[in-house]
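S.K.: here you go, sequence then predicted model.
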Amino acid sequence: MRTVPEREDTRDDGPMSGSMREVLDHWLGLYRESTLIKVGGLNGEQLCERSVPPSSMSLIGVVRHLTEVEAYWVRMVLEGREDVPDYYATQASPDGEFDDVDPATAVQEVEAYQREVAQTQQILDSWTDVEALARGRRHGKQVNVAWILTHLIEEYARHLGHMDLLRERVDGRTGY
């Protein structure tokens, strides 16, 4: 059975006195890397394990959710694109990223997350001014690049806490 490759932990504290953009980019990158560390070495069955009943949350569910978060905030809100399809959550299954998981596709979905992150990072790199307004809107309101980056960091921080608990229940592994 295929597993997600283990990742060497090369995370560090980053620029503790850098520019606002350097600091925000570091934290977002650190949390993206932490996400991959949390799922490293697991197979499809383990990724799909709902280990904190009654929650439907699983490690792959969180990864799938973060894939959609990246696409929504960067491609749809920041870039203003409307042609971004839903990966997992649909009108028919609004919580599809958590509810419709399948061990047969879980490892490939981690790879899809990595491709989405590469795409969204490339877009973020082209927006150098953190005060620049996004082309799209959130609930009809304008947001700037700094707000989007801060929200992405908050989203990752929240879900990495979930991933800590889920991973520990799957195989006992703990760690930051």
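M.R.: Arrived safely. Residues are numbered from 1 along each chain as shown.

S.K.: assign a three-state SS to the spatially most central residue of the chain, would you?
M.R.: Ranked by distance to the mean C-alpha position of the chain (C-alpha atoms, centre = their mean), the top residue is residue 66 at 3.0 Å. Secondary structure for residue 66, judged by DSSP: H, G, I helix; E, B strand; the rest coil, is helix.

S.K.: quick one: residues contacting it.
M.R.: Going by C-beta atoms under 8 Å, 6 or more residues apart in numbering, residue 66 touches 35, 113, 155, 156, 159. Where you see a C-beta, it was placed from the backbone N, CA and C, and this is true even at glycine.

S.K.: please apply the same query to residue 173.
M.R.: residue 167.

S.K.: 10 Å instead?
M.R.: 37, 38, 40, 41, 42, 164, 167 (C-beta atoms under 10 Å, 6 or more residues apart in numbering).

S.K.: for my notes, confirm it occurs in a helix.
M.R.: No: assigned with three-state DSSP, residue 173 falls outside any helix and is coil.

S.K.: and the gap between it and residue 46?
M.R.: 11 Å (C-beta to C-beta, to the nearest Å).

S.K.: mutual contacts of those two, please.
M.R.: With C-beta under 10 Å, 6+ apart, residue 173 and residue 46 have common neighbours residue 167.

S.K.: pretty sure residue 51 sits against residue 62.
M.R.: No: using C-beta atoms under 10 Å, residue 51 makes no contact with residue 62, being 11.8 Å away.

S.K.: identify the contacts common to the two.
M.R.: Common contacts of residue 51 and residue 62, defined by C-beta under 10 Å, 6+ apart, comprise residue 166.

S.K.: so the two - more neighbours on which side?
M.R.: Using other C-beta atoms under 10 Å, the more surrounded residue of residue 51 and residue 62 is residue 62, with 24 against 17.

S.K.: grab the nearest non-local neighbour of that one.
M.R.: Nearest non-adjacent residue to residue 62, counting by C-beta to C-beta, 6 or more residues apart in numbering: residue 159, 5.0 Å away.

S.K.: go on, residue 3?
M.R.: residue 43 (4.7 Å).

S.K.: ok so, going back, how far away is the residue nearest to the centre of the chain from residue 138?
M.R.: Distance from residue 66 to residue 138, by C-beta to C-beta: 18 Å.

S.K.: please identify the buried residues of the helix or strand containing residue 157?
M.R.: Assigned by DSSP states H and E, residue 157 falls within helix 145-171. Under the neighbour-count criterion of 16 or more other C-beta atoms under 10 Å, helix 145-171 has 145, 147-150, 152-153, 155-156, 159-160, 162-164, 166-167, 170 buried.

S.K.: for that helix, which helices and strands make contact with it?
M.R.: For helix 145-171, the packing partners by 3 or more C-beta pairs under 10 Å, 6 or more residues apart in numbering; DSSP states H and E come out as helix 20-39, helix 44-48, helix 59-70, helix 106-126.
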